[in-house]
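Trainee: structure of the sequence below:
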Amino acid sequence: MAQFQVLQLWTDAYLYDTRHLTQAQHGCYLLLLMTAWRTPDCSLPDNDNLLARYVGADMRTWLKQKSVVLAFWTLGNDGRWRHKRLSTEREYLVQRACKRAESGRRGGLARAAANSLRNNEIPQANLPVCSSRNQAPTPTPIYSEGDKSPSAAAGAAGLSVGNRASKDKPLPESMSASPDPQKAVFDYGKTVLGRNAGGQITNLIKRHGGALDAAMRTLHLAAGKSAPREYLAAVLRAPPEPELDELGLPITSAGALGKLYADLGPML
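Mentor: Predicted coordinates:
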């Protein structure tokens, strides 16, 4: 299961804006877009050695293509190259995931309230011993901004984005303030998957190497599915992802980018 959202590409807009590129420049541009998409802040370092590595070219070949390919990007004061439409698309998808998680949380609250009303109608003499253990855990609140649909208008690189506000999304309150972040993951996971999902949540945390934020993001995605438990089961059955470096790239001799570059053909 990939840890990154799907990057949409509007082919008509992309071709309209990149008809001046050569075959080699198309390959470099697409590989840089995908590499930036896999970084936490959706950017690239201002480092020719790394950029040449990302596009699978030697330094001489990269320097020949650099000025044309990086014309789509902007160099910030922090020494990072950013693509405006790419960054906007990332922010939109983060907002949408948080909104879906909030919808799942509200649904869990409604079910818990309905169960509470039914339990209040049962005579006390008929209640099982230690029934408090079966109460639903307190759901984790997910704060989200307003959501807008992406525009299909053509623009630089043809990515499926429009003009959206870019604001950092806060972590759920239980992750940022709780003295026990792991408990926050379990509480939210049981809200999404059911109170008997402790085993699945434990396996999910192990799947992410103990990274609680990554486990929480996967639970957010599951909350937006029609069958969250089945979705998470499919995630746990999937083969493990390769180990990644600090930029989210596979630490292998060839790596996923090398394979993708080979699939695109001998463009350099």
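Trainee: from now on I want contacts and neighbour counts done on CA atoms only, so please keep to that.
Mentor: OK.
Trainee: so Asp213, which state does it fall into?
Mentor: Secondary structure, DSSP: H, G, I helix; E, B strand; the rest coil: Asp213 is helix.
Trainee: and for Asn77?
Mentor: Per three-state DSSP, Asn77 ends up coil.
Trainee: and for it, the neighbour number?
Mentor: Neighbours of Asn77 under the rule other C-alpha atoms under 10 Å: 7.
Trainee: please renumber the chain so that the first residue is 40 from this point on.
Mentor: Sounds good: first residue 40 from here, last item Asn116.
Trainee: please report phi then psi for it.
Mentor: phi -70, psi -20 (degrees, to the nearest 10).
Trainee: show me what the lengthiest helix in the chain is packed against.
Mentor: For the chain, the helix with the greatest residue count under DSSP state H is helix 123-159. Using 3 or more C-alpha pairs under 8 Å, 6 or more residues apart in numbering; DSSP states H and E, the elements in contact with helix 123-159 are helix 62-76, helix 220-232, helix 251-262.
Trainee: can you put the ones you listed in JSON lines and add distance to Ala153 and mean neighbour count?
Mentor: Conversion of the helices and strands packed on helix 123-159 to JSON lines gives the following (distance: least, C-alpha to C-alpha, whole Å; neighbours: other C-alpha atoms under 10 Å):
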{"stretch": "helix 62-76", "distance to Ala153": "42", "mean neighbour count": "20"}
{"stretch": "helix 220-232", "distance to Ala153": "14", "mean neighbour count": "23"}
{"stretch": "helix 251-262", "distance to Ala153": "20", "mean neighbour count": "22"}
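Trainee: out of those helices, the one nearest Leu275 is which?
Mentor: helix 251-262 (10.7 Å; C-alpha to C-alpha).
Trainee: which positions in stretch 117-130 come out as buried?
Mentor: Arg119, Trp120, Arg121, His122, Lys123, Arg124, Leu125, Ser126, Thr127, Glu128, Arg129, Glu130 (16 or more other C-alpha atoms under 10 Å).
Trainee: Val108: which element?
Mentor: helix 98-108 (DSSP states H and E).
Trainee: who does that helix touch, helix- and strand-wise?
Mentor: By 3+ C-alpha pairs under 8 Å, 6+ apart, helix 98-108 packs against helix 62-76, helix 87-94.
Trainee: reformat those helices as TSV; add mean pLDDT and distance to Phe225.
Mentor: As requested, the helices and strands packed on helix 98-108 are exported to TSV (pLDDT from 0 to 100; distance: least, C-alpha to C-alpha, whole Å):
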stretch	mean pLDDT	distance to Phe225
helix 62-76	94	29
helix 87-94	96	37
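Trainee: could you give the angle of the helix holding Val108 to helix 87-94?
Mentor: If you take axes from the mean of the first three to the mean of the last three C-alpha atoms, to 10 degrees, helix 98-108 sits at 80 degrees to helix 87-94.
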